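In: Kindly return the folded structure for what I paste below:
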Amino acid sequence: MNEATFSRRRFTGLGFTLAALNPWAAGVSAQSAGAAAPELTAAQAQRDLRILQRAFDALHPGLFRYATAAQLEAAFAAAAAAVAPGASRGQMVLLVSRLAAAVRCGHTGVNPSNQRQDVVDGVFGRADKLPLTLRWVEARALISGSAAAGVEPGSELLAIDGRPVAAIAAALLPLLRADGNGSGADAKRRSQLDSGANGGAMDRLFPPAFAPVGGRFRLTLRGRADSAPRDIGVAAMSLAARDAVLPPPATDWRLAIAGDTALLTLPTFAFWRGGFDAKAFLARTFEQLRGVPYLIVDQRRNEGGDDAIGRDLLSHLLRASYTQGAYRAESAYERVPYELARFLDTWNFDFFDRTGKVSPPAPGERNWRLPERPARRIEPVAAPYAGRTLMLVGPENSSAGFLLARDLQASGAASLLGQATGGNLRGLNGGELAWITLPHSGVGVDIPLVASFAAGDPPDAGVTPDVAVAPRWADAQSGVDTEMQAARQRVAAWRAAARTTL
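Out: Numbers count the residues shown, from 1 in each chain. The predicted structure is shown next:
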């Protein structure tokens, strides 16, 4: 099981200078709290950071995959210096997000679903959000939805309170999670600037970093017709109020059949306690697809969830058995240290005691060895899908979504079209996960407890699609889905080729 709901470039050093932390070291408290005293004293904030550092050291099995001990030590020391005057909860969210992102792991971060109520109310629930939704295309910010009068969807957002959007993106990207150092990891970070379930950095991290002045933002916009930029003032909103006007995209699975082509949309594999029977849905779907020669599967918004769902889908598309490679699994501990246990939560507390289940670290190694995960053979169902399958993929696919893309391509069960995925072919940190709640700030941080290491020497990269297609600004502004359009053109080419061979 993979818990999905849980800088800009390679780190040449992870130290935060105070200048690099601005506006967070000073501007956040000044803007959002006025002259009020910090919510946390320096001692409280620094204790939270020490607890987090201890948790990373004791629990995270992939801590040093992409960052060195010296780099992380310097990062924590600089964060401790940044809170010397005390800190707000918003500032702690920013600092902790940056520290988590420094590990360069897609399952390590400040998950809004695992926060104490004072963080939910005092940071994420405040009425300091932009009254619009955003999509970033070709490094430009497209307004995809607006709850503010005078702000038209399809306009380009150029600046907020005089800050160019490029500068805002550059400030937020080092706070965003992704696996590794490759271009797919960079794209995964950029995808989190978009509004949506797997993104939302502009809702979670932009407001505490660049708070509205007097409850308002000054937006610099350019309309659809490439008109001259104009400024407009808008009131900030809470996320709940904005969602009432601009509901988030649905995460329901959908099947649509038009003529000889079906479109299966799979926005998530995360159905914890939701009651949705994905296996039964897929069985019904492929019954309906008998005789339909072309299938497009759209999983671009699918970060992951239960990877067993991906294997079940794969079994419907395979024509012959496929073997997932064996991999090495490691844990940072045999038993979770007692002094950390009271700050931790998870869905299965057996994760915290591996007595008798792990081998001690080899000389010079840090991690304990779990039993090697053997190769897994996946067989096709009795009557697999007989048509041709094209899957749309992208940087949001970083957990179970990445695993499905990897296996579909490796097995030849589908062609992949779109952008490189997130995740990493070297292996992921995940499968078992806990979250630590820092006692003074209340900030919660997801920490994966198992690291997988693929055999051989795979690249530091996600999955590269068979056909590379990226969204275009002109298409996005006019409401055209560049990748879906390319997918339908690909199917048309298949159709034409099939007619030629008759």
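In: Next, count neighbours for residue 249.
Out: The local packing count at residue 249 equals 13, with neighbours defined by other CB atoms under 10 Å. (C-beta placed from N, C-alpha, C; glycine too.)
In: Could I get the full set of strands for the stretch 301-450 of the chain?
Out: When assigned using DSSP state E, counting those that start in this stretch, the strands of the stretch 301-450 of the chain occupy the ranges 322-324, 327-331, 344-345, 368-369, 376-378, 388-393, 415-418, 433-437, 444-448.
In: Show the average pLDDT along the second one.
Out: Translated: strand 327-331. For strand 327-331, mean pLDDT rounds to 97.
In: Are there helices or strands packed against it, and which ones?
Out: Strand 327-331 sits against strand 368-369, strand 451-454, with contacts defined as 3 or more CB pairs under 8 Å, 6 or more residues apart in numbering; DSSP states H and E.
In: Let's see that with 6 Å instead.
Out: Judged by 3 or more CB pairs under 6 Å, 6 or more residues apart in numbering; DSSP states H and E, strand 327-331 is in contact with strand 451-454.
In: Strand partners (parallel or antiparallel) of the next helix or strand after the strand it packs on?
Out: Sequence order places strand 467-468 as the next helix or strand after strand 451-454, per DSSP states H and E. Paired neighbours of strand 467-468 in the sheet (DSSP bridges): strand 415-418 (parallel).
In: Give me the contact list for the partner strand.
Out: When contacts are taken as CB atoms under 6 Å, 6 or more residues apart in numbering, the neighbours of strand 415-418 outside the stretch itself are 390-394, 409, 465-467, 469, 483, 487.
In: so which of the strands of the stretch 301-450 of the chain gets nearest residue 274?
Out: strand 433-437 (18.0 Å; CB to CB).
In: Each with direction, which strands does the closest one pair with?
Out: Paired with strand 433-437 in the same sheet, following DSSP bridges, are strand 344-345 (antiparallel), strand 444-448 (antiparallel).
In: Report the mean confidence score over the last one.
Out: Strand 444-448 shows a mean pLDDT of 98 in the predicted model.
In: Can you show me the CA trace of that strand as CSV?
Out: Taking C-alpha atoms only, strand 444-448 is exported to CSV below (Å, rounded to 0.1, in the frame of the first residue of the first chain):
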residue,chain,number,x,y,z
GLY,A,444,2.5,17.4,11.1
VAL,A,445,5.1,15.8,8.8
ASP,A,446,4.7,12.6,6.8
ILE,A,447,7.7,10.3,7.1
PRO,A,448,8.0,7.1,5.0
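In: Run the chain-centre distance for that strand.
Out: Here strand 444-448 shows a centroid-to-chain-centroid distance of 13 Å under the convention CA atoms, centre = their mean, to the nearest Å.
In: go on, stretch 297-307?
Out: Computed by CA atoms, centre = their mean, the chain-centroid distance of stretch 297-307 equals 11 Å.
In: ends of that stretch, how far apart?
Out: Counting by CA to CA, to the nearest Å, the length from the leading to the trailing residue of stretch 297-307 is 16 Å.
In: give me the low-pLDDT residue ranges for the stretch 401-502 of the chain?
Out: Counting by pLDDT under 70, the low-confidence segments of the stretch 401-502 of the chain come to 502.
In: Please check the contacts of strand 415-418 and keep the buried ones.
Out: When these are checked for burial by 16 or more other CB atoms under 10 Å, the buried set is 390-394, 409, 465, 469, 483, 487.
In: What count of nearby residues applies to residue 141?
Out: Around residue 141 sit 25 other residues, with neighbours defined as other CB under 10 Å.
In: which residues does it bridge with?
Out: Applying DSSP bridges to residue 141, the residues it is bridged with are residue 136, residue 157.
In: Now that it has come up, it's in contact with residue 157, right?
Out: Yes - taking contacts as CB atoms under 6 Å, residue 141 lies within contact range of residue 157: 4.1 Å.
In: Need the overlap of contacts for the two.
Out: Residues touching both residue 141 and residue 157 (CB under 6 Å, 6+ apart): residue 165.
In: Can you say which of the strands paired with strand 433-437 is nearest to residue 321?
Out: It is, among those and with distance given as CB to CB, strand 444-448, at 29.9 Å.
In: Tell me where the model's unsure across the chain.
Out: Residues of the chain that meet the criterion pLDDT under 70 lie in 1-37, 502.
In: ok, longest helix in it?
Out: Within the chain, and with DSSP state H defining each element, the longest helix by residue count is helix 482-501.
In: ok, residues contacting stretch 215-232?
Out: Stretch 215-232 has contacts (CB under 6 Å, 6+ apart) with 150, 154-156, 158-161, 233-236.
In: 8 Å - rerun?
Out: The list of residues contacting stretch 215-232 from outside it, by CB atoms under 8 Å, 6 or more residues apart in numbering, reads 127-128, 130, 143, 148, 150-152, 154-162, 233-236, 477.
In: Strands - which of the residues you listed land there?
Out: The subset of the contacts of stretch 215-232 located in strands under the criterion DSSP state E comprises 143, 156-160, 233-235.
In: can you count the residues close to residue 146?
Out: Look at residue 146: counted by other CB under 10 Å, it has 20 neighbours.
In: nope, residue 251 is what I was after
Out: The criterion is other CB under 10 Å. On that basis, residue 251 has 17 neighbouring residues.
In: measure it to residue 190 for me?
Out: Shown here: residue 251 relative to residue 190, a distance of 21 Å by CB to CB, to the nearest Å.
In: Geometric centre of this structure: which residue is closest?
Out: When the chain is reduced to its mean C-alpha position, the nearest residue by CA atoms, centre = their mean turns out to be residue 198, at 4.9 Å.
In: Wait, a strand at that residue?
Out: No - membership of residue 198 in a strand is not supported by DSSP: H, G, I helix; E, B strand; the rest coil, which gives coil.
In: can you map out the strands along the stretch 151-300 of the chain?
Out: Along the stretch 151-300 of the chain, the stretches classed as strands by DSSP E, counting those that start in this stretch are 156-160, 163-164, 216-222, 230-235, 254-258, 261-265, 294-298.
In: how far away is residue 479 from residue 153?
Out: Taking CB to CB as the criterion, residue 479 is separated from residue 153 by 9 Å.
In: out of those two, which sits in the more crowded spot?
Out: Just comparing residue 479 and residue 153: by other CB under 10 Å the higher neighbour count belongs to residue 153, 15 against 9.
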